[in-house]
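Enquirer: Okay, here's the prediction I keep looking at, along with the sequence it came from:
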Amino acid sequence: MNKFQRKFLSVSYRFLATKHPAEKAKFSLVSHYANDQITRQIRDSHYPFLAPRQIIHHHHDTIMPSSQILPVTTIHHHHHKSPQNWGNSSSPPIAETSLSIKEEESVNQMVMNLVIDDPSTRLLISSPPLFSSSDEVAASHKKPLLSRNASFSGISTARSSTSSSSSGSEGFGKFYDHSKKRRRRTASETCLLSSIVCSDGGGGGAGDEGAGRQQSLSREVGHAAAETFLLTRLSLQLLTYLGVGYRWVMRFVALGFYSLMLMPGFIQVGYYYFFSKQVIRSVVYGDKPRNRIDLYIPKNSDGPKPVVAFVTGGAWIIGYKAWGSLLGWQLSERDIIVACIDYRNFPQGTMSDMVQDACQGISFVCEKIAEYGGDPSRIYLMGQSAGAHIAGCALVEQAIKEAGEGENVSWSVSQIKAYFGLSGGYNLFNLVDYFHSRGLYRSIFLSIMEGEESLRRFSPEVLAQDPSLKNAISLLPPVVLFHGTADYSIPSEASTSFAETLKEAGVRAEAITYEGKTHTDLFLQDPMRGGKDQMFEDLVSIVHAGDPDAEAKDKVAPPRRRLVPEFMLQLARKMVSNNTPNITNAQLGSLLVKLGVAAGAVVYAAANCLYNVEGGHRAIVFNRITGIHNKTYPEGTHFVFPWFQVPIIYDVRARPHLVESTSGSRDLQMVKIGLRVLSRPVADQLPTVFRTMGMNYNERVMPNIIHETLKAVVARYNASQLITQREDVSREIRRIMTAKAKYFNIALDDVSITSLTFGKEFTAAIEAKQVAAQEAERAKFIVEKAEQDKKSAIIRAEGEAKSAQLIGQAIANNPAFITLRKIEAAREIANTMSRSSNKVFLDSGDLLLNLHELEMKATGN
């Protein structure tokens with residue numbers, strides 16, 4: 001073992017021990033380190049209770065992988081055998097353990113906790129080869145490293161619509177029902193799912209719009225942080241699968257430099273992705289992590305548009321919906337809606353999870369795309385690289401479900417007008433060895449595909465050759481496959497062979513190859529080169545076929561603009577060429593260090609050359625050589641030279657200042673005034689503000705201006721005038737303060753008096769005055785009431801006198817009036833006496849009537 005290997009092992013042990021205690025158990029239980037004294041010393045110093053359990057190969061001091069998996073749910077005690085006594089066994093023995101029962105239970109518990117928290121550990125607990133030569137790796141993988149339970153259960157057979165029975169035909173496994181999988185969701189996944197509420201709510205005023213933007217930004221920042229955490233965790237898990245094979249390391253390094261060469265184009269595409277109004281990001285289509293879709297909407301909304309549902313590539317490991325932003329941008333300029341479907345990658349999910357996510361995303365597009373201006377009758381399914389394979393599997397699976405009896409489907413293959421496969425692979429049996437030679441080792445590939453027994457189920461070409469699935473395959477829409485002849489990632493024969501197989505099965509299929517084009521030329525370099533490339537034009541012509549207006553617009557469409565200089569495109573193309581240098585481990589280590597330093601410098605420069613000015617802010621730039629620039633930068637993203645230029649960002653929104661000041665009035669009364677001032681810096685004068693007052697200009701200027709102005713204005717008024725003329729006082733305070741603040745390049749939006757209080761003596765005098773005034777008002781009321789009572793008595797007496805006068809006149813003028821009154825009185829007396837139960841005898845004189853006289857008058861005598 002050389003010095004670099006020892007150093008790497010030491011760093012790996014320490015990192016896993018300090019940062020990932022769960023990973024250290026998994027790493028130690030099935031590690032593949034050389035059996036030498038130095039390695040054991042390093043191991044024993046960090047993992048004394050885990051050290052004896054290893055799977056070891058002796059082969060010229062080279063670290064070799066085990067060809068079998070050590071089950072994590074059981075730890076058996078085996079007797080040690082020497083390498084000479086291994087015989088014909090397919091795997092070396094496990095070293096004799098010295099674990100106590102308590103320690104063994106502790107190890108088992110740690111691993112089982114890891115399995116519960118991380119479902120990927122159910123699928124694979126191993127480490128691939130470290131610093132292995134190509135011959136050694138090939139020898140170690142003669143039989144699959146993994147023993148995996150497939151994500152299929154049960155058997156279903158595609159049944160012919162014209163046949164009453166399908167017995168004897170070979171069955172096709174159904175996808176595993178994921179509703180039966182119960183596992184605990186990790187915190188990072190919960191964070192991702194929490195962003196489901198990010199859909200915009202109802203309308204609001206101008207004030208709500210700013211708050212909505214801030215909430216949207218906060219959600220996106222939180223979403224990005226959650227995804228970063230999830231990506232980091234999954235990357236560490238992925239490293240435990242990949243090991244440190246130099247092939248994939250070199251591919252990874254080449255990918256990094258490839259991305260660096262295309263960075264000018266990526267920056268422009270990223271700006272469009274995050275700031276264009278034509279992009280609707282992260283529309284939720286399911287309840288699983290990463291079940292989201294990006295929609296690219298054309299500017300022209302003159303009618304329903306054709307739709308391309310796109311599944312991005314990424315070797316089933318690094319796929320992301322934003323990878324399709326360049327295609328979405330350029331297709332949307334041709335009046336085509338693009339829906340980029342995101343899905344779970346490995347190790348967050350395996351192939352069945354990816355297909356399930358793709359099916360659910362396609363179902364969402366078929367059901368909801370009309371709400372975004374899409375034409376449901378013109379939906380095209382497209383995938384690139386691994387995305388082409390996933391989309392193909394989803395399409396074939398859906399066809400098999402439709403051909404079967406009693407299958408419930410959420411969408412139909414008849415809703416897909418055509419399928420486009422770009423640089424995809426469709427026969428995994430032909431690709432597993434090829435991928436292994438390219439750095440995607442057999443172990444990791446079989447882990448992604450859920451074991452060797454599942455390769456057939458995820459090979460659309462193999463399924464198309466199955467006679468029992470003929471009826472299902474016949475349901476497939478037209479298939480168009482695009483591929484470059486110089487594609488070293490997936491040979492172009494993968495597309496041509498699949499097209500021929502589909503033709504033999506009765507499906508309309510065509511493979512279009514492009515001479516000299518690599519795996520990334522068709523998808524990245526050619527679109528970033530600008531102008532017109534044949535693959536893009538072929539794709540658009542198929543989508544717009546039968547639409548004369550769209551075809552006419554395509555003929556006069558302007559060429560796409562160039563995003564990346566040609567020399568950088570050529571360098572990027574060389575980075576992903578088929579040449580893989582043969583270097584030693586020491587050279588690899590030295591190269592990795594150099595590349596790490598270079599990459600760190602590039603990342604630092606890239607992170608510091610761009611800065612954002614948020615809404616309601618302005619920026620100025622300090623140059624270490626020339627000082628402050630006399631320019632104010634508006635909202636948006638701006639460029640600076642790292643270290644030489646430093647952006648200084650100001651908040652130019654109005655800020656409230658609540659100040660209380662005690663001053664003396666003109667009549668020497670102490671007055672306490674509360675004032676609210678809304679101030680902001682003048683945006684165009686920010687360089688001057690920074691030179692004269694710095695960032696905390698408010699604290700340096702505003703308190704003095706407020707106190708001085710209040711004292712000067714209050715001294716001009718009496719205490720009573722401050723109350724009665726409050727509006728005039730406020731207006732004068734604002735006028736004086738605005739003039740003074742303008743001198744310091746500060747604008748005042750509002751000045752208001754919030755409170756006005758006086759001293760205790762003055763307040764008591766005011767209260768006494770108010771009491772006296774109330775008493776005077778009360779006395780005045782009493783006098784007025786007495787006068788009214790007097791007038792009422794006089795009027796009443798005058799009325800009674802007038803009544804008596806009228807009665808006297810009536811008696812004098814008519815004696816019968818008195819007789820009438822007597823009769824009325826007698827009637828009242830009679831009525832009263834008649835209601836009494838006592839018998840009363842009255843003299844006729846008591847009735848005030850001369851009854852004899854009345855009787856005589858009645859008889860006429």
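Expert: Noted; the coordinates are in hand.

Enquirer: Which pLDDT value belongs to Met449?
Expert: What the model reports for Met449 is a pLDDT of 92.

Enquirer: Which strands or helices does the helix or strand encompassing Thr763 pack on?
Expert: With elements taken from DSSP states H and E, the one containing Thr763 is helix 760-813. Contacts defined by 3 or more CB pairs under 8 Å, 6 or more residues apart in numbering; DSSP states H and E place helix 760-813 against helix 816-834. Just so you know, the C-beta spots here come from the backbone N, C-alpha and C atoms, and that holds for glycine as well.

Enquirer: Which secondary structure elements does the helix it packs on sit against?
Expert: Using 3+ CB pairs under 8 Å, 6+ apart, helix 816-834 sits against helix 760-813.

Enquirer: For Gly694, grab the count of nearby residues.
Expert: 11 (other CB atoms under 10 Å).

Enquirer: Quick check: chain neighbours aside, which residue is closest to it?
Expert: Of all residues not flanking Gly694 in the chain, Arg700 sits nearest, at 7.5 Å (CB to CB, 6 or more residues apart in numbering).

Enquirer: before we move on, what about Asn291?
Expert: In space, and not counting its chain neighbours, Asn291 is closest to Tyr285: 5.4 Å by CB to CB, 6+ apart.

Enquirer: Please look at the one you found and Asp294 and confirm they touch.
Expert: No. Tyr285 is beyond contact range of Asp294, at 11.0 Å (criterion: CB atoms under 8 Å).

Enquirer: Between these two, which has more neighbouring residues?
Expert: Asp294 (23 against 20).

Enquirer: The more buried one bridge partners, please.
Expert: Counting by DSSP bridges, Asp294 forms beta bridges with Cys340.

Enquirer: shouldn't it be in contact with Ile280?
Expert: Yes. With contacts counted by CB under 8 Å, Asp294 reaches Ile280, the gap being 7.0 Å.

Enquirer: sorry, back to before: list the contacts of the residue nearest to Asn291.
Expert: Residues near Tyr285 by CB atoms under 8 Å, 6 or more residues apart in numbering: Asn291, Arg292, Ile293, Ile341, Gln360, Gly361, Ser363, Phe364.

Enquirer: Among those residues, name the ones in strands.
Expert: Under the assignment DSSP state E, these contribute Arg292, Ile293, Ile341 to strands.

Enquirer: For ChimeraX, what selects the buried ones among these?
Expert: Burial among the ones in strands among the contacts of Tyr285 is assessed by 16 or more other CB atoms under 10 Å; the matching ChimeraX selection reads:
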select :292,293,341
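
Enquirer: out of the ones in strands among the contacts of Tyr285, who's nearest Ala394?
Expert: Ile341 (9.6 Å; CB to CB).

Enquirer: Just give the nearest non-adjacent residue to that closest one, would you?
Expert: That would be Gly361: by CB to CB, 6+ apart, it lies 3.5 Å from Ile341.

Enquirer: Phe435 too?
Expert: Leaving out its chain neighbours, the residue that sits closest to Phe435 by CB to CB, 6+ apart is Phe445, at 5.4 Å.

Enquirer: Quickly find the element holding that neighbour.
Expert: Using DSSP H and E, Phe445 sits in helix 442-448.

Enquirer: list the helices and strands that helix packs on?
Expert: Helix 442-448 packs on helix 206-242, helix 428-438, going by 3+ CB pairs under 8 Å, 6+ apart.

Enquirer: hey, least reliable of those by pLDDT?
Expert: Mean pLDDT per stretch puts helix 206-242 lowest among the helices and strands packed on helix 442-448, at a mean of 59.

Enquirer: Next, give phi and psi for the residue nearest to Asn718 when sequence neighbours are not counted.
Expert: Of all residues not flanking Asn718 in the chain, Asp667 sits nearest, at 4.6 Å (CB to CB, 6+ apart). Here the main-chain torsion angles of Asp667 (degrees, to the nearest 10) amount to phi -90, psi 20.

Enquirer: before we move on, what about Ile736?
Expert: phi -70, psi -40.

Enquirer: any idea how far it lies from Leu381?
Expert: To Leu381, Ile736 is 71 Å away according to CB to CB, to the nearest Å.

Enquirer: Counting neighbours, go ahead and name the busier of these two.
Expert: Looking at Ile736 and Leu381 with other CB under 10 Å, you find the greater number of neighbours at Leu381, namely 28 against 17.

Enquirer: Check the more buried one and give its pLDDT.
Expert: Value listed for Leu381 in the pLDDT field: 97.

Enquirer: Next: Gln415.
Expert: The model's pLDDT for Gln415 equals 94.

Enquirer: tell me the SS of the closest residue to it other than its chain neighbours?
Expert: Using CB to CB, 6+ apart and skipping residues adjacent in sequence, the residue nearest Gln415 is Cys366, 4.9 Å away. For Cys366, the assignment made with DSSP: H, G, I helix; E, B strand; the rest coil gives helix.

Enquirer: Surely Cys366 touches Ser414?
Expert: No. Look at Cys366 against Ser414 with CB under 8 Å: they stay out of range, at 10.3 Å.

Enquirer: Comparing those two, which shows the higher neighbour count?
Expert: Remark: of Cys366 and Ser414, Cys366 carries more neighbours, 19 against 12, as counted by other CB under 10 Å.

Enquirer: list the contacts for the more buried one?
Expert: So Cys366 contacts Pro376, Ile379, Trp411, Gln415 (CB under 8 Å, 6+ apart).

Enquirer: of all these, which comes closest to Gln725?
Expert: Closest approach between these and Gln725, by CB to CB: Pro376, at 70.4 Å.
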